[in-house]
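S.K.: Sequence first, predicted model second:
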Amino acid sequence: MLAFAKRSTLLSFALLCSCKPAVSDAKLVGIWECDPGVHGDKRKIVFSADHTFTAYSPELNSYSYVESSGTWRIDGDELVTDAKTQLGEPVTGKGSRHKICDLSERAYTGKEPGSEEVLFTCKRIH
């Protein structure tokens, strides 16, 4: 009986921590401040309704430096970005794919597909 209770608790915890299957484009549109924790510096990312994005790096305590820009789309529960410029220069093949978890009106977390490690946490700033 104790083994069943432990498995049940672990399963419940896993379900609470797992990502939701479908993400609405409209919920992601806006301005987000993303904190990658130990993986780098905070970024401000603007996801526009026309499926373009602009990512800003902090510079002198403001987000005035455009780090990258390009297009974005939702594929199931994953955010797929395709950078068209990086550090002011045109680029190709600089896309990324992140699993979106716990998306609400105010925040979401991102993970590598197939991993449970949280790579970054974003909060809506507008």
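M.R.: Sure thing, it's come through.
S.K.: Leaving out chain neighbours, which residue sits closest to the residue nearest the centre of the chain?
M.R.: What sits nearest the mean C-alpha location of the chain, by CA atoms, centre = their mean, is Gly110, with 4.1 Å. Distances taken as CB to CB, 6 or more residues apart in numbering put His98 closest to Gly110, at 4.0 Å, once the chain neighbours are dropped. All C-beta spots, glycine's among them, are computed from the backbone N, C-alpha and C.
S.K.: which SSE is the one you found in?
M.R.: strand 89-101 (DSSP states H and E).
S.K.: Tell me which strands that strand pairs with, and in which orientation.
M.R.: strand 78-86 (antiparallel), strand 107-111 (antiparallel) (DSSP bridges).
S.K.: Determine which stretch of those is the most buried.
M.R.: The highest mean neighbour count among those, using mean count of other CB atoms under 10 Å, belongs to strand 107-111: a mean of 19.
S.K.: Averaged pLDDT, that strand. What do you get?
M.R.: Strand 107-111 shows a mean pLDDT of 92.
S.K.: need the next SSE after that strand, C-terminal direction.
M.R.: Using DSSP H and E, the next helix or strand after strand 107-111 towards the C-terminus is strand 118-124.
S.K.: list the buried ones in that following strand?
M.R.: 118-122 (16 or more other CB atoms under 10 Å).
S.K.: want to try TSV for the residues you listed, with pLDDT as columns?
M.R.: TSV is the format used below for the buried residues of strand 118-124 (pLDDT from 0 to 100):
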residue	pLDDT
Val118	88
Leu119	87
Phe120	90
Thr121	93
Cys122	94
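S.K.: Can I take it that Lys27 is in a strand?
M.R.: No - assigned with DSSP: H, G, I helix; E, B strand; the rest coil, Lys27 falls outside any strand and is helix.
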